[in-house]
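Engineer: got a predicted model here, sequence first, then my questions.
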Amino acid sequence: MLLSSAGGCIKSLLFFRRFLLFPLLVLTYTVAAGWPQSAHPDPYFARRNTFSFFGAYSNDSSHILLGDAEQRKLLNFGAAYGRRLLLGHIVNWQYSGEFVPLAMESDPQSREVDNQTFPTVATHIYYNQEPVVSCAPQTQPYTLYLGNGTVYSSGTATITCFGRYWTIGEAFSPVGFQWNFLPQRKVQPFLIGHGGFMYSTKPIPVPYAGSFNFTFDVGAGIEVYRAKMRSIRVEYRYHHISNHDTAIENPGIDNGMLQVTYSFGR
């Protein structure tokens, strides 16, 4: 009797185990299938839309490529927008446009030293004269005549750069591109270039050069990502300003500019 009861209990336990095990397996599979899986992390440090703020400065100008005006300084503060165009393992190609609401250009003023030899020997110095293209000393003889052809005065005049003043303007570069290399890394070398225009409150870099100028720049630098969507760029640019012969004079300005940019986006 006892053996019969024990056997019945064992059969009941086996039945309930099979009965409960099947639903438990189904429930476990359903939960596992519905549980959100961890997504594969994005390996790229490359935003789709980028917004930036930057400051740029150049302490001097010279004949780097196209411009002739010397000792011109530039100081820019602006904002930029970038849009990703093509992303691959090697390069991240982006559109880049910049707006510079504060674009300041500094021209050296000139000083004229007049060494008169006739009718008396004397020296006269005139400060704050108009800026000149080259700051190398320029000496030339002069002779002034009266209406009847009589010599009134003669001597030599030497012009050099002395002092400077700043001209305020603004600039816009709607056409531009940026190429970041090795976009899977936090530290990325890049190339960049823009084309646009600049308007200033006075003609630059000399009085007859005009207030409206065209601009373009090309440069290279390093972009360091502090997070997926935030980065800091440091770059060097060749920057050119020219009126494209739309004014009486067009000496052009070549600057090597150092620019620091903070960028964010998504």
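Structural biologist: All right, it came through fine. Numbering: from 1, shown residues only.

Engineer: identify the bridge partners of Gly221.
Structural biologist: When assigned by DSSP bridges, Gly221 has beta-bridge partners Phe190, Glu235.

Engineer: which parts of the one helix or strand Gly196 maps to are buried?
Structural biologist: Under the criterion of DSSP states H and E, Gly196 resides in strand 187-200. Buried residues in strand 187-200, counted by 16 or more other Cβ atoms under 10 Å: Gln188, Phe190, Ile192, Gly193, His194, Gly196, Phe197, Met198, Ser200. Any C-beta I mention is one placed from the backbone N, CA and C, and that applies to glycine too.

Engineer: ok, so of these, who is nearest Asp245?
Structural biologist: Minimum distance to Asp245 across the buried residues of strand 187-200 is 14.8 Å, recorded for Phe197 (Cβ to Cβ).

Engineer: nearest to His239, of the buried residues of strand 187-200?
Structural biologist: Nearest to His239 out of these is His194 (Cβ to Cβ; 9.2 Å).

Engineer: that closest one and Phe51, how far apart?
Structural biologist: Separation of His194 from Phe51 (Cβ to Cβ, to the nearest Å): 16 Å.

Engineer: need the buried residues of strand 187-200 in CSV (columns: distance to Gly265).
Structural biologist: Formatted as CSV, the buried residues of strand 187-200 follow (distance: Cβ to Cβ, whole Å):
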residue, distance to Gly265
Gln188, 15
Phe190, 15
Ile192, 16
Gly193, 20
His194, 19
Gly196, 22
Phe197, 26
Met198, 26
Ser200, 31
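
Engineer: between those, which sits nearest Phe77?
Structural biologist: Closest approach to Phe77 among the buried residues of strand 187-200 (Cβ to Cβ): Met198, at 13.7 Å.

Engineer: neighbours of the residue nearest to the closest one when sequence neighbours are not counted, how many?
Structural biologist: The spatially closest residue to Met198, leaving aside those adjacent along the chain, is Ala171, at 4.0 Å (Cβ to Cβ, 6 or more residues apart in numbering). Other residues lying near Ala171 total 23 when counted by other Cβ atoms under 10 Å.

Engineer: now name the helix or strand holding Ala171.
Structural biologist: Assigned by DSSP H and E, Ala171 belongs to strand 151-181.

Engineer: mind listing the strands that strand pairs with, and their directions?
Structural biologist: strand 91-118 (antiparallel), strand 138-145 (antiparallel), strand 187-200 (antiparallel).

Engineer: any chance of those strands in a markdown table, with mean pLDDT and distance to Gly176 too?
Structural biologist: Below are the strands paired with strand 151-181 laid out as a markdown table (pLDDT from 0 to 100; distance: least, Cβ to Cβ, whole Å):
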| stretch | mean pLDDT | distance to Gly176 |
| --- | --- | --- |
| strand 91-118 | 96 | 4 |
| strand 138-145 | 93 | 38 |
| strand 187-200 | 98 | 4 |
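
Engineer: with that, I have no additional questions.
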